[in-house]
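Participant: From the sequence below, what's the structure:
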Amino acid sequence: MALKILSVVGARPNFMKVAAIYDAIKEFNQLSPREEVHHVLVHTGQHYDANMSDFFFNDLELPKPDLFLGVGSASHSEQTAKIMERFEGVLLNEKPRIVIVVGDVNSTVACALVTKKTWCSAGGGAESYIPSLAHVEAGLRSFDRTMPEEINRIVTDSVSDYLFTTEESANRNLAREGVAQERIHFVGNVMIDTLLRHRAKAKESTIVSDLQLSNGVGAKPFAILTLHRPSNVDDKETFSRMLEAFLEISSRMPIIFPAHPRTLKRIQEADLADYFVDHFMEGPEPWDSRVRIRLIPPLGYLDFLSLMSEAKVVLTDSGGIQEETTILGVPCITLRQSTERPVTLETGTNVLVGSDPQRIVNEFAKVSDGKMKRYSSPKYWDGNAAKRILKILFGDFCPERSIRTFPFDSGLKSTELSQS
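Facilitator: Purely as a prediction, here's the structure:
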């Protein structure tokens with residue numbers, strides 16, 4: 001009988017992480033004489049836009065989710081409660097042996113809690129069981145408990161059976177919190193699995209020329225901005241001071257700003273549209289030469305990867321982008337006081353500047369003058385993280401079959417499968 005694994009997605013950052021797991025399972029099954037793993041994909045609908053979800057699922061070659069819970073936007077508490085209520089029925093009906101949650105969104109913590117409180121009937125006289133819970137991207141800590149994501153990480157890790165980590169700081173964090181060593185597995189970064197798999201395809205995107213950022217030989221110098229965290233966009237004074245810095249930067253090169261819906265709403269509420277030419281309002285098109293901060297709709301995965309690969313610099317408050325720019329070798333200026341991904345500071349292209357306008361401008365000046373910090377690829381960010389995860393799970397649940405059938409041993413050293 002195939003090992004049944006259920007994976008949960010809820011928001012856009014989850015798609016890239018689960019895509020790597022889906023690809024590893026698909027390849028495993030194709031290389032085996034029979035279906036060894038039956039994979040069920042559940043989309044909670046935490047963040048859902050039909051067009052954007054279709055873009056991402058198509059770009060990442062993900063199948064349509066087996067189950068869609070349609071939770072939608074709400075306050076943190078209400079949204080978490082809705083997900084928990086609806087996910088319980090999913091577990092009781094599907095009866096997976098393993099539930100995989102990724103990242104740090106509300107869907108992650110909600111489904112983690114339900115998993116560890118739900119008994120599934122095995123049928124046929126077998127004893128009921130609680131599914132095992134695997135947290136992918138475990139152990140990351142910003143040490144800022146005002147961030148909802150930090151609470152989600154801590155709670156999810158505290159109840160997980162398998163904690164799959166992306167960097168060595170995460171291993172240390174979990175050990176310091178008392179997590180047993182045998183539950184911690186340093187496997188690498190599934191986000192990077194997906195990036196490396198799709199990098200060549202992203203080069204086929206026409207987004208750079210569509211935005212008239214090409215000079216016929218290559219890309220003109222431009223910056224990318226992403227901004228959505230409440231600490232940056234919810235306070236008008238903070239947001240407007242940052243926009244002044246971005247406006248100064250845009251005198252050196254255009255800034256492309258794919259606006260998160262939450263950020264767009266704050267721009268409209270705070271009457272900050274004069275800093276942009278908004279595609280929702282009358283005015284020049286985003287590629288007009290008069291426009292410096294170009295506010296554009298959110299992009300699909302391949303278009304954004306293509307744009308990011310060609311950028312001179314990325315300004316962001318996103319966690320995942322700090323990781324992606326490190327692998328792409330693109331300077332990343334992070335608009336936060338702390339990061340849960342310190343390896344991007346230690347060996348990557350990332351620097352922290354917070355929301356201070358002068359620090360933002362000063363760091364940009366260094367980058368534009370060619371003063372880029374040295375960087376290297378973090379350990380195990382090599383495109384094999386999802387295969388390591390699958391090897392561990394399949395080996396634990398199907399040890400006899402794993403020895404006989406697991407096809408990914410080539411290139412996966414056993415020392416890579418445990419905490420270091």
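
Participant: Can you show me the strands along the chain?
Facilitator: Along the chain, counting by DSSP state E, strands occupy 3-9, 37-43, 67-68, 98-102, 132-138, 162-165, 184-186, 223-226, 255-258, 277-278, 293-296, 313-316, 332-334, 350-352.

Participant: Any idea which of those strands has the lowest pLDDT on average?
Facilitator: Note on the strands of the chain: lowest mean pLDDT is at strand 277-278, with a mean of 51.

Participant: circling back to that earlier point, would you format the strands of the chain as JSON lines with distance to Gly124 included?
Facilitator: Using the backbone N, CA and C atoms, a C-beta is placed for each residue, glycine as well. Output for the strands of the chain, formatted as JSON lines (distance: least, C-beta to C-beta, whole Å):
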{"stretch": "strand 3-9", "distance to Gly124": "15"}
{"stretch": "strand 37-43", "distance to Gly124": "17"}
{"stretch": "strand 67-68", "distance to Gly124": "24"}
{"stretch": "strand 98-102", "distance to Gly124": "20"}
{"stretch": "strand 132-138", "distance to Gly124": "20"}
{"stretch": "strand 162-165", "distance to Gly124": "26"}
{"stretch": "strand 184-186", "distance to Gly124": "32"}
{"stretch": "strand 223-226", "distance to Gly124": "51"}
{"stretch": "strand 255-258", "distance to Gly124": "51"}
{"stretch": "strand 277-278", "distance to Gly124": "60"}
{"stretch": "strand 293-296", "distance to Gly124": "55"}
{"stretch": "strand 313-316", "distance to Gly124": "51"}
{"stretch": "strand 332-334", "distance to Gly124": "53"}
{"stretch": "strand 350-352", "distance to Gly124": "52"}
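
Participant: residues in contact with the nearest residue to Thr118 once chain neighbours are set aside?
Facilitator: Among residues not flanking Thr118 along the chain, Leu91 sits closest, at 4.7 Å (C-beta to C-beta, 6 or more residues apart in numbering). Counting by C-beta atoms under 8 Å, 6 or more residues apart in numbering, Leu91 touches 6, 99, 114-115, 118, 120, 131.

Participant: From these, pick the one nearest Glu204.
Facilitator: Glu204 lies nearest to Leu6 out of these, by C-beta to C-beta, at 33.0 Å.

Participant: burial of that closest one, as a residue count?
Facilitator: Residues near Leu6, counting by other C-beta atoms under 10 Å, number 25.

Participant: Return the residues in contact with the nearest residue to it once chain neighbours are set aside.
Facilitator: With sequence-adjacent residues excluded and distances taken as C-beta to C-beta, 6+ apart, Leu6 is closest to Pro96, at 3.8 Å. Contact partners of Pro96, counting by C-beta under 8 Å, 6+ apart, are 4-6, 40, 120, 131.

Participant: how does it look with 10 Å?
Facilitator: By C-beta atoms under 10 Å, 6 or more residues apart in numbering, the contact set of Pro96 is 3-7, 38-40, 42, 90, 115, 120, 131-132.

Participant: do the same with Thr344
Facilitator: Contacts of Thr344 were listed using C-beta under 10 Å, 6+ apart, and they are 167, 319, 321-327, 332, 334, 350-352, 375, 378.

Participant: Asp193 now?
Facilitator: Shown in contact with Asp193 (C-beta under 10 Å, 6+ apart): 16-17, 19-21, 23-24, 381-389.

Participant: quick one: which of those is nearest Glu269?
Facilitator: Met16 (29.7 Å).

Participant: I figured the closest one was touching Tyr301, is that so?
Facilitator: Yes - if you go by C-beta atoms under 10 Å, Met16 and Tyr301 touch, sitting 6.7 Å apart.
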